[in-house]
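1. got a structure for you, letters missing:
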């Protein structure tokens, strides 16, 4: 099998000479044999030949297509509008992307890292079909698909440092922000769930993701449960199917349920709608037609603090418009949603608050009757957690 790799190397060298392009521009690197045995070569030979054929096809398409100069030609504002992140954040992602892929240098690659990151960002920030995105970046649709999958895998590696539960100090800092903005005292964040609309999955899986039947057909989605803090950072996310019933059931099946039970909530808590159970760590509003003035005051402050959840979805779905409708296989849908939540946090942490004002908010969570507040079978929670009622009564008394 040694002749396969020798022939592959000669073909690559011939491509470089024929096209008159430096090897680093073509980005086709000859696989190294090292100490690999005959069995490894036998398994990888077919993959290498397929990769080479794709590389040649893409290189030919790239030579006859105009080169995109978006990265350098666009103004800062236009770059943000087009790719939904600032240019400094884009360069940071390219740097981390290249570091992450150092171990993959032996693989056949045609397009430079910055071009791949631009393509992935453009895909996430727009609702154009993947074939249109491929044409814009002079890539094959299959290549764009692979770039998106690789980019989401890469973003997941950054999750440990950007999508984390807040420390006690962070909770106190966020609760002060909420209080200064007219919210309920002690609130560091809000809990809720939203629908991420998707293309109807194939086969038997479809039934699990249907959330509504209409005259135009079945509507499908993934439920995104999230906790957002006062700085619009997503502190916890969990993905489920609408068939998993209401928001309480989804909460109880997530790690957040155990996390909230293990949290000491003497000073801080999150706010949530009344479909969730009242607990020392979860403050829900009073329900009923006859509320006392103190209870009504509590509900007003609770409502003000709970605006965080709506703001979070408005920013997330406006910045990354792909989340308004995901047309991907189900296995990729979960990866895209999770990785986009991570990218949302990275952007919040590395960009200034003025960036959110410059972004065009094309999604309004308050008017999206279909996609806001997930499963329709929700009802007011009929149970509470020990200590929740006592804490709410204490906060109500403090406000009077």
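-> Sure thing, it's come through. Remember, predicted model here, so these are calculated numbers, not experimental data.

2. where in the chain is the helix or strand with the lowest mean pLDDT?
-> helix 23-26 (a mean of 34; mean pLDDT, DSSP states H and E).

3. quick check: residue 240 touching residue 226?
-> No: look at residue 240 against residue 226 with C-beta atoms under 8 Å: they stay out of range, at 11.6 Å. The C-beta positions use only the backbone N, C-alpha and C, and glycine is treated the same way.

4. partners of residue 228 in the sheet?
-> Under the criterion DSSP bridges, residue 228 forms beta bridges with residue 190, residue 234.

5. mind checking how far it is from residue 308?
-> 5 Å (C-beta to C-beta, to the nearest Å).

6. what is the burial count for residue 192?
-> Other residues near residue 192 come to 25 when the count uses other C-beta atoms under 10 Å.

7. what about residue 211, is that helix, strand or coil?
-> strand (DSSP: H, G, I helix; E, B strand; the rest coil).

8. which intervals of the protein have sub-threshold pLDDT?
-> Across the chain, the ranges flagged by pLDDT under 70 are 1-72, 102-110, 244, 263-266, 366-367, 369-378.

9. which stretches of it form strands?
-> 187-198, 210-214, 217-229, 234-240, 269-271, 282-283 (DSSP state E).

10. taking strand 234-240 as reference, get the angle to the longest one.
-> So the one you mean is strand 217-229. 150 degrees (axes from the mean of the first three to the mean of the last three C-alpha atoms, to 10 degrees).

11. helices or strands up against strand 217-229?
-> strand 187-198, helix 206-209, strand 210-214, strand 234-240, helix 247-252, helix 293-319, helix 330-350 (3 or more C-beta pairs under 8 Å, 6 or more residues apart in numbering; DSSP states H and E).

12. which one of the ones you listed lies nearest to residue 131?
-> Smallest distance to residue 131 across the helices and strands packed on strand 217-229 (C-beta to C-beta): 16.2 Å, for helix 330-350.

13. would you mark the buried spots in that closest one?
-> For helix 330-350, burial by neighbour count (16 or more other C-beta atoms under 10 Å) applies to 330, 333-348.

14. how many other residues sit next to the closest residue in space to residue 325 that isn't next to it in sequence?
-> Take residue 325 and drop its neighbours on the chain: the residue closest to it by C-beta to C-beta, 6 or more residues apart in numbering is residue 197, 5.0 Å away. Neighbour count of residue 197, defined by other C-beta under 10 Å: 19.

15. how about residue 352?
-> Around residue 352 there are 10 residues (other C-beta under 10 Å).

16. and the gap between it and residue 317?
-> Where residue 317 is concerned, residue 352 sits at a distance of 21 Å (C-beta to C-beta).

17. what's the answer for residue 257, then?
-> Counting by C-beta to C-beta, the separation of residue 257 from residue 317 is 25 Å.

18. over to residue 188?
-> Per C-beta to C-beta, residue 188 is found 23 Å from residue 317.

19. residue 132 too?
-> 20 Å.

20. more neighbours: those two, which one.
-> residue 317 (26 against 13).

21. and the nearest residue to the more buried one once chain neighbours are set aside, what is it in contact with?
-> Among residues not flanking residue 317 along the chain, residue 363 sits closest, at 4.0 Å (C-beta to C-beta, 6+ apart). Contacts for residue 363 were tallied using C-beta atoms under 8 Å, 6 or more residues apart in numbering; they are 313, 314, 317, 318, 321, 324.

22. hang on, the last one packs against residue 198?
-> No: because the distance of 10.7 Å does not satisfy C-beta under 8 Å, residue 324 is recorded as not touching residue 198.

23. of those two, give the one with the bigger neighbour count.
-> The neighbour count for residue 324 versus residue 198, taken as other C-beta under 10 Å, is higher for residue 198 (22 against 15).

24. so what's the more buried one up against?
-> Neighbours of residue 198 in contact, by C-beta under 8 Å, 6+ apart: 209, 220, 221, 222, 325, 326, 327, 328, 330, 333.

25. quick check: end-to-end length of stretch 192-208?
-> End-to-end distance of stretch 192-208 (C-alpha to C-alpha, to the nearest Å): 20 Å.

26. which positions in it come out as buried?
-> 192, 193, 194, 195, 196, 197, 198, 201.

27. any idea how far the fourth one is from residue 326?
-> Right, residue 195. 11 Å.

28. which non-adjacent residue is nearest residue 201?
-> residue 330 (4.6 Å).

29. that should have said residue 87, apologies.
-> Closest residue to residue 87 apart from its sequence neighbours, by C-beta to C-beta, 6+ apart: residue 79 at 5.2 Å.
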